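J.: Model the following, please.
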Amino acid sequence: SHRSIHTYLISISIVIVKSSIMGLTAMIVGGVSGTGIHMMTNAMRKVPLSRAPWNHVGYCLFGMYVGQKYVALERALVEDVNQIRADKGMPPMVGTNAWIRYVEPETTSS
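T.: Numbers count the residues shown, from 1 in each chain. Below is the predicted model of the structure:
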């Protein structure tokens, strides 16, 4: 009993670390993409890349927001698809444990 609780807590902490790393990575990629898009539009207009630096910050923050929302949207989509599959009596999608850790319900032996 004590060992199963310990194992459960370790698995939960691993899931939290993995999901926060995935969210942080998405935010960094989104921020770099947002700043890159602004610099690319400045380059196409043949103006200095550092023109309107407040837009760099704005596009970076917007890209970070979009990156974070993408992770939440992807997770919700996987959960919805697996719920539909469960309703049809099918197993969850292959590889979804990499995104979402399912906790098996504990069975009580009588």
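
J.: next structured bit after the one helix or strand in the chain whose mean pLDDT sits lowest?
T.: Of all helical and strand segments in the chain, the minimum by mean pLDDT, DSSP states H and E falls on helix 2-44, at a mean of 72. Following helix 2-44 in sequence order, the next helix or strand is helix 53-87 (DSSP states H and E).

J.: So which elements touch that next one?
T.: The contact analysis (3 or more Cβ pairs under 8 Å, 6 or more residues apart in numbering; DSSP states H and E) places helix 53-87 against helix 2-44. Heads up, the C-betas are built off the backbone N, CA and C, glycines and all.

J.: neighbours of F62, just the number please.
T.: 17 (other Cβ atoms under 10 Å).

J.: measure it to R45 for me?
T.: Distance from F62 to R45, counting by Cβ to Cβ, to the nearest Å: 19 Å.

J.: what are the phi and psi angles of L49?
T.: Phi and psi for L49, reported as degrees, to the nearest 10, are phi -60, psi -30.

J.: now it: how far from F62?
T.: According to Cβ to Cβ, L49 and F62 sit 18 Å apart.

J.: Stretch 82-99 - what's its average pLDDT?
T.: Stretch 82-99 shows a mean pLDDT of 76.

J.: try stretch 60-76
T.: 84.

J.: tally of neighbours for the closest residue to N82 other than its chain neighbours?
T.: Excluding the flanking residues, the one nearest N82 by Cβ to Cβ, 6 or more residues apart in numbering is P92, at 4.4 Å. The number of residues packed near P92 is 16, by other Cβ under 10 Å.
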